[in-house]
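[1] Next one to model:
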Amino acid sequence: MVIQRLFFFSITCLISSLYCNQDKEFTMPSSPFTLPGDPLLQRDALEVPVADILSHEIQSIIDQMLIVASGERDHSFQKRVMVGLAAPQIGIQKRIILVDVGVDSNRNELGSLEAYINPEIIWYSDEIVEGREGCYSVDSRVMGIVPRSKSITMCAFDRNGLPVTAELSDFTARIFQHEVDHLNGIRFPDRVGPQGCLHWVESDAYELYKKNPLLWNQKCPWELWKAMKQGESYSSFIQDVKRMLYTIEERGERYFIGLELRTNNQECSATMPAHKERFFQENILEKIPHKVGSDLLALYTDYEGDYTQAYSWILGAEVSSLDEVPEGLVGKVIPASQYAVFPTQGAFPEGLIAAWQEVWKSDLSRLYSSDFELYPDHFDPQVNPEVKVYIAIEQKS
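    Modelled structure (predicted):
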């Protein structure tokens, strides 16, 4: 049974260590980049006369671009790493770009940034591939899956004024296409389009997003991008995005049988692993009678107060009746309630941690009656990693 190969319980041991971070906010640093709503970013950049390439003005622009880019190329790879830059991104309306010609597709190894003046793409392959992109000329929380040609042929001038022609493929071709788009007033959300995969990714979720962006379910509304592009306020759309983190679901009274552990967030890292091992070693799930379906639940109930107090953590399943509760197990009534349902997204188990972080950061009026994680029978940490976290809340109209 796939679900018995889970390691999800070890994640719960990490949850308590994350409570202290729930109120932190990400602060954007000061930036040399043109604001996303600047009309310059939607205009065609001006061609550089070939005779001017060696001039002090153009050489200084290239040096300035390299200085800006070098500040965004942290080799720790714990944040976004700049692999290309176009002059309009720093307010210069010239057809000059930088492209890292040696970076690998996973951004694990950087190459060197090379300058290209008046770049053109003179051939595109018919093969189209999709890839994750972000941009320094878009709110850093907007990401997307962008279709681009797998291979291209480009021509340009280098900073010495010499003509360059090259065939590029894969990630380098993607970077080149992205930067040339900037010279034509196009940014990556325009390539994604209103029906494509445009995502909203908070800064603390970026590493999770990178692992499997195709599984990301927090969409960025197209209207948000339109407002951003026009320099209009999009704060109301951000609130809509945050509300999209969860749905509200009504659930009637249910019955539940499982193996109970009384714990708290200070002790859980020491107590939960052994409890989980016992649950699987003793094949508890198969001993539960009258099961309703084959989903597995991790129930949080009998809270003494809020999350800082003791609670019961019970592993088991929903049942149709509590008439027969095996010795050593407990039966619980999960009361009818309204729930905020947080689906996990991205890879497992990081997605589960991220979901709980959103719970803690939310302003929900929690009941602290019975919350639970639902692991469907088809759950697989590699193929089907989604888990749903149900949080009992006060009734909303």
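
[2] what helices or strands is the longest strand belonging to the chain leaning on?
    Using DSSP state E to define each element, the chain has its longest strand at strand 113-124. Packed against strand 113-124 by the contact rule (3 or more Cβ pairs under 8 Å, 6 or more residues apart in numbering; DSSP states H and E) you find helix 56-70, strand 96-100, strand 151-157, helix 170-183. Where you see a C-beta, it was placed from the backbone N, CA and C, and this is true even at glycine.

[3] tilt between that strand and helix 56-70?
    Per axes from the mean of the first three to the mean of the last three Cα atoms, to 10 degrees, the angle that strand 113-124 makes with helix 56-70 is 100 degrees.

[4] can you tell me the average pLDDT over strand 113-124?
    Averaged over strand 113-124, pLDDT sits at 97.

[5] what's the answer for stretch 211-224, then?
    Mean per-residue pLDDT for stretch 211-224: 83.

[6] Convert it to PDB, retaining C-alpha atoms only.
    The C-alpha trace of stretch 211-224 is given here as PDB (Å, rounded to 0.1, in the frame of the first residue of the first chain):
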ATOM      1  CA  LYS A 211      11.500  21.500  -7.100                       C
ATOM      2  CA  ASN A 212       8.400  21.000  -9.100                       C
ATOM      3  CA  PRO A 213       6.700  24.200 -10.500                       C
ATOM      4  CA  LEU A 214       4.200  22.200 -12.500                       C
ATOM      5  CA  LEU A 215       2.600  21.000  -9.300                       C
ATOM      6  CA  TRP A 216       2.100  24.600  -8.000                       C
ATOM      7  CA  ASN A 217      -1.500  25.500  -7.500                       C
ATOM      8  CA  GLN A 218      -1.300  29.000  -6.300                       C
ATOM      9  CA  LYS A 219      -2.100  31.000  -9.400                       C
ATOM     10  CA  CYS A 220      -1.300  34.600 -10.100                       C
ATOM     11  CA  PRO A 221      -4.500  36.300 -11.500                       C
ATOM     12  CA  TRP A 222      -4.000  37.700 -15.000                       C
ATOM     13  CA  GLU A 223      -5.700  40.900 -13.800                       C
ATOM     14  CA  LEU A 224      -2.900  41.300 -11.200                       C
END
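
[7] Buried residues, it. List them.
    The neighbour-count check on stretch 211-224 (16 or more other Cβ atoms under 10 Å) flags 212-213, 215-216, 218, 220-222, 224 as buried.

[8] Now flag whichever of the residues you listed is closest to residue 72.
    Nearest to residue 72 among the buried residues of stretch 211-224: residue 213, at 20.4 Å, using Cβ to Cβ.

[9] My read is that the closest one contacts residue 145, right?
    Yes - counting by Cβ atoms under 8 Å, residue 213 touches residue 145, with 6.2 Å between them.

[10] Quickly list what's touching both of those two.
    132, 197, 199 (Cβ atoms under 8 Å, 6 or more residues apart in numbering).

[11] Report the next helix or strand after the helix or strand harbouring residue 274 in sequence order.
    Here residue 274 sits within helix 268-281, counting by DSSP states H and E. Past helix 268-281, further along toward the C-terminus, the next helix or strand under DSSP H and E is helix 284-287.

[12] can I get the CA coordinates of that next one in PDB?
    Below are the C-alpha coordinates for helix 284-287, written out as PDB (Å, rounded to 0.1, in the frame of the first residue of the first chain):
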ATOM      1  CA  ILE A 284      -3.100  -0.500  13.000                       C
ATOM      2  CA  LEU A 285      -4.900   0.700   9.900                       C
ATOM      3  CA  GLU A 286      -5.900  -2.900   9.000                       C
ATOM      4  CA  LYS A 287      -7.300  -3.500  12.500                       C
END
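
[13] Please work out the average pLDDT along it.
    Mean predicted lDDT for helix 284-287 stands at 94.

[14] What of stretch 330-349?
    On average, stretch 330-349 scores 89.

[15] Which of the three states applies to the nearest residue in space to residue 33 that is not next to it in sequence?
    Leaving aside its chain neighbours, residue 33 sits nearest to residue 136 (4.9 Å; criterion: Cβ to Cβ, 6 or more residues apart in numbering). Using DSSP: H, G, I helix; E, B strand; the rest coil, the structure places residue 136 in coil.

[16] Tell me if I'm right that residue 136 and residue 32 touch.
    No - between residue 136 and residue 32 there is no contact under Cβ under 8 Å: 9.2 Å.

[17] hang on, residue 356 in a helix?
    Yes - residue state for residue 356 (three-state DSSP) corresponds to a helix.

[18] Pick out the residue nearest the middle of the protein.
    Nearest residue to the geometric centre of the chain (Cα atoms, centre = their mean): residue 209, 3.2 Å.

[19] what's the neighbour count on the nearest residue to that residue once chain neighbours are set aside?
    Of all residues not flanking residue 209 in the chain, residue 201 sits nearest, at 4.6 Å (Cβ to Cβ, 6+ apart). Neighbours of residue 201 under the rule other Cβ atoms under 10 Å: 24.

[20] More neighbours: which of residue 136 and residue 32?
    Set side by side, residue 136 and residue 32 show more neighbours around residue 136, with 21 against 13, by other Cβ under 10 Å.

[21] Ramachandran coordinates for that one?
    Residue 136 adopts backbone torsions of phi -80, psi -10, taken as degrees, to the nearest 10.

[22] Check the gap between it and residue 64 for me.
    Using Cβ to Cβ, to the nearest Å, residue 136 is found at 15 Å from residue 64.

[23] show me the contacts for residue 189.
    138, 142, 144, 198, 220, 225, 229.
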